[in-house]
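> Generate coordinates for the sequence data below:
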Amino acid sequence: MESKEAFKVSILASGSTGNSLYIESEKKRILVDAGLSGKKITSLMAEVGRSPEDLDAILVTHEHKDHIHGVGVLARKYKLDVYANEKTWSAMDTMIGKVDVAQKHIFEMGKVLTLGDLDIESFGVSHDAAAPQFYRFYKDNRSFVVLTDTGYCSDNIRGVIKDADAYLMESNHDLEMLRMGGYPWSLKQRILGDHGHLSNEDGALVMTDIIGDRTKRIYLGHLSKENNLKELAHLTMENTLREKDFGVDEAFRVYDTDPDSATELFSI
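Okay, here's the model as predicted:
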């Protein structure tokens, strides 16, 4: 028999200016990325009644600043364990300042790490970083998937992330807004390429392949401030899923995230 609640999640911040999410189970409290200042992450955690003092660890996805800005500060101040794969450690080591060697841990791509009562599966993605990886969290036959910062979603990844209870799924840009916007052509090419970011349309199409009977929540993440609107991302996801006859607002709901404020602490 499944417990009523396996763990809780809040997406503290999601967007091109900074990313961090919080996961708690009975035994562990974890951040995935800390891409804002320590002060800002402290205030975002306070929005959901939590504090960095309660944290056990930070999992890092890749070394871009909007994912690691506060990692070193928080690790030093609160004596937190930090997990990343070897190539990501090499790339970010000088960027986060000194972290005690006892707090540094290798979490290799494609492996499963157990932290307390949580099992965490890592999987590689296609992004212009050293060795970017994201995570699926498991406890009591429930699971939550984090997937942002990838230019495309391979069949292999789709298999790894299928039929989770909840998702943070990338909806980075609206294609027309990006094409017509003021970014230099080289940056547009980077975002649109295989090592860039999923558009609203791409993220929605991925969801049509991976959504399952268990899925109850889809959060739209890493929206570009310049090349997207919450309303556009939301509409694209809902309309795409409706076109494929999925039960939007019946079997599951689509939720927005914000670069500056935390989502409510929701149960998985």
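
> and the closest residue in space to Tyr78 that isn't next to it in sequence, how many neighbours?
Distances taken as CB to CB, 6 or more residues apart in numbering place Pro52 nearest to Tyr78, at 5.2 Å, with adjacent residues excluded. C-beta: built from backbone N, CA, C; applies to glycine. Per other CB atoms under 10 Å, the neighbour tally for Pro52 reads 21.

> And the pLDDT at Pro52?
At Pro52, the model reports a pLDDT of 98.

> can you check the one 10 residues further on too?
With respect to pLDDT, His62 scores 98.

> these two touch, right, it and Asp128?
No - when contacts are counted by CB atoms under 8 Å, His62 is not listed as touching Asp128 (9.2 Å).

> measure Ile210 to Met169 for me?
According to CB to CB, to the nearest Å, Ile210 and Met169 sit 9 Å apart.

> Mind checking which of these two has more residues around it?
More crowded of Ile210 and Met169, by other CB under 10 Å: Met169, with 27 against 20.

> That one looks like it's in a strand, true?
Yes - assessed with DSSP: H, G, I helix; E, B strand; the rest coil, Met169 lies in a strand.

> Excluding chain neighbours, give the residue nearest to it in space.
Among residues not flanking Met169 along the chain, Gly203 sits closest, at 5.1 Å (CB to CB, 6+ apart).

> before we move on, which element is the one you found in?
Per DSSP states H and E, Gly203 falls inside helix 200-210.

> any idea how far that helix is from the chain center?
Helix 200-210 sits 16 Å away from the centroid of its parent chain (CA atoms, centre = their mean, to the nearest Å).

> And for stretch 193-209?
The answer for stretch 193-209 is 14 Å, by CA atoms, centre = their mean.

> Now do the contacts for the residue nearest to Tyr78.
By CB atoms under 8 Å, 6 or more residues apart in numbering, the residues touching Pro52 are Gly38, Ile41, Thr42, Met45, Leu74, Lys77, Tyr78.

> now, which of those lie within helices?
If you go by DSSP state H, the contacts of Pro52 have Gly38, Ile41, Thr42, Met45, Leu74, Lys77, Tyr78 in helices.

> what sits against the residue nearest the centre of the chain?
With distances taken as CA atoms, centre = their mean, Val146 lies nearest the centre of the chain, 3.9 Å away. With contacts defined as CB under 8 Å, 6+ apart, Val146 is in contact with Leu21, Val32, Thr61, Phe134, Tyr135, Arg136, Phe137, Leu168.

> Next: Ala46.
Contacts of Ala46 (CB under 8 Å, 6+ apart): none.

> Next: the one 10 residues further on.
By CB under 8 Å, 6+ apart, the contact list for Asp56 reads Lys28, Arg29, Ile30, Leu80, Asp81, Leu115, Gly116.
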